[in-house]
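# Sequence below, structure please.
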Amino acid sequence: MKPSRPIPPAKDASSQVFWIIWFGMIGGIVLYQCKLGGGWLHGEDARSAIASPITWVAIGMLLCAAAVRWLLIPQVRGYRPLLVLLIIGLALSETVGFFGMFLFPADMPAAKMQLFVLALLSAAQFAPFYARRAVRD
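This next block holds a predicted model:
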């Protein structure tokens, strides 16, 4: 029987953690919409969603997530702070999807779907291409 050779660790195994978390959160947003939000909704809104304060809070969350991604993440060095900012940004993005699912009434399907798409786009901007830089530092 031959002795087994240990498998060498991947050079950027730490960056894989970033990708796993990101894919999990993206998948979670889609899964929540499919199971909790009723899937892909069709129809027109009964009233304007822009008049709702929930819409403005959601826009604020999207702006905060964008600020985390494009202002804070490029300045941070190190694995742990970058991971914390990734999770904060993804949580802010996912919150927008929850707003659409739970805080808008059933007669607002277009607004619900718009917030779902915005949550996905906001989470997509956190694709951790920057993780390799953190592992090198």
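# Now do the strands for this protein: every range, in order, please.
In the chain, no strands are found when defined by DSSP state E.
# could you point out the longest helix in it?
Ranked by residue count under DSSP state H, the longest helix found in the chain is helix 13-35.
# who's in contact with that one?
With contact meaning C-beta atoms under 8 Å, 6 or more residues apart in numbering, helix 13-35 is reached by 10, 39-40, 79, 82-83, 86-87, 90, 93-94, 97-98, 101, 116, 119-120, 123-124, 126-128, 131-132, 134-135. For glycine as for every other residue, the C-beta is placed from the backbone atoms N, C-alpha and C.
# what about 6 Å?
If you take C-beta atoms under 6 Å, 6 or more residues apart in numbering as the criterion, helix 13-35 is touched by Y79, L90, E94, G97, F116, A119, L120, A123, P128, A131, R132, V135.
# same check, this time on stretch 122-137
Contact with stretch 122-137 is made by 12, 14-15, 18-19, 22, 25-26, 62, 65, 69, 77, 79, 82, 86, 89-90, 93, as judged by C-beta under 6 Å, 6+ apart.
# Show the average pLDDT along that stretch.
The predicted model assigns stretch 122-137 a mean pLDDT of 82.
# Centre of the chain to it, how far?
Computed by C-alpha atoms, centre = their mean, to the nearest Å, the separation of stretch 122-137 from the middle of its chain amounts to 13 Å.
# burial measure for G39, as a count.
Number of residues near G39 (other C-beta atoms under 10 Å) recorded here: 9.
# With adjacent residues omitted, what lies nearest to it?
Computed as C-beta to C-beta, 6 or more residues apart in numbering, the closest residue to G39 that is not its neighbour in sequence is Q33, at 7.1 Å.
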